[in-house]
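In: When you get a sec, could you give me coordinates for this:
(2 chains)
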Amino acid sequence: GAVVSQHPSRVICKSGTSVKIECRSLDFQATTMFWYRQFPKQSLMLMATSNEGSKATYEQGVEKDKFLINHASLTLSTLTVTSAHPEDSSFYICSAGSGASDGYTFGSGTRLTVV
Amino acid sequence: KQEVTQIPAALSVPEGENLVLNCSFTDSAIYNLQWFRQDPGKGLTSLLLIQSSQREQTSGRLNASLDKSSGRSTLYIAASQPGDSATYLCAVSGNDMRFGAGTRLTVKP
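Out: Model (predicted):
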């Protein structure tokens, strides 16, 4: 079955630094990838939709200059949290698919802690 | 924008009970609906995927139904076990994929 690899699984960074999270589809071409954020005891909130070769579409309230998304190939999308602050600490998870009718496969998530 | 609602928010049942989790969505123009399980501090485990043309899917003790026209789905868990304790999320795929807030299930031994 479809596999999505997300790295790193955990990262601790200092306030003010940037962190890059990678999401790779291992055995299929992902034309669309979604990035979600989940705060403790809350559900997954869609941050942005990423289509290969085009700019990401961000949800209202998500700062595109802070959360940089690059979907440069059909197998890789990256999320960079720039100038991270403690309030950015969260669980970030990606999903990838080649078409909505086929369903989407989720990565294992990245737990970001900003100290 | 698609809105997904899950009821109840939390549920506690004794072991062995059959139970139903509910999911509703506002826009019926969907491709499919998925039910996931999430354990504390973990990622998502896909349980069932129902295409928009389907009415239900079954996997073991789990049965999910979909009524697209009314914007509803249910997840039925038969003979619940303590190992079923987790948060159950439904997600609806249309132009994007959006989640409900989840139902936190506790099955007591």
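In: residues contacting the residue most central in space within chain A?
Out: Computing the C-alpha centroid of chain A and ranking residues by CA atoms, centre = their mean puts A:W35 first, at 3.7 Å. Applying CB atoms under 8 Å, 6 or more residues apart in numbering or on different chains, we find A:W35 in contact with A:23, A:46-48, A:50, A:67, A:69, A:77, A:79, A:92-94. (Each C-beta comes from the backbone N, C-alpha and C, glycine too.)
In: try 10 Å
Out: A:21, A:23, A:44-50, A:56, A:58-59, A:62, A:67, A:69, A:71, A:77-79, A:92-95, A:107 (CB atoms under 10 Å, 6 or more residues apart in numbering or on different chains).
In: does the closest residue to it other than its chain neighbours count as helix, strand or coil?
Out: Leaving aside its sequence neighbours, A:W35 sits nearest to A:M47 (CB to CB, 6 or more residues apart in numbering or on different chains; 4.6 Å). For A:M47, the assignment made with DSSP: H, G, I helix; E, B strand; the rest coil gives strand.
In: Isn't A:M47 up against A:I21?
Out: No: the criterion here is CB atoms under 10 Å, and A:M47 misses it with A:I21 at 11.3 Å.
In: neighbours around the closest residue in space to B:D27 that isn't next to it in sequence, how many?
Out: Leaving aside its sequence neighbours, B:D27 sits nearest to B:Q2 (CB to CB, 6+ apart; 4.7 Å). B:Q2: 18 surrounding residues under other CB atoms under 10 Å in any protein chain shown.
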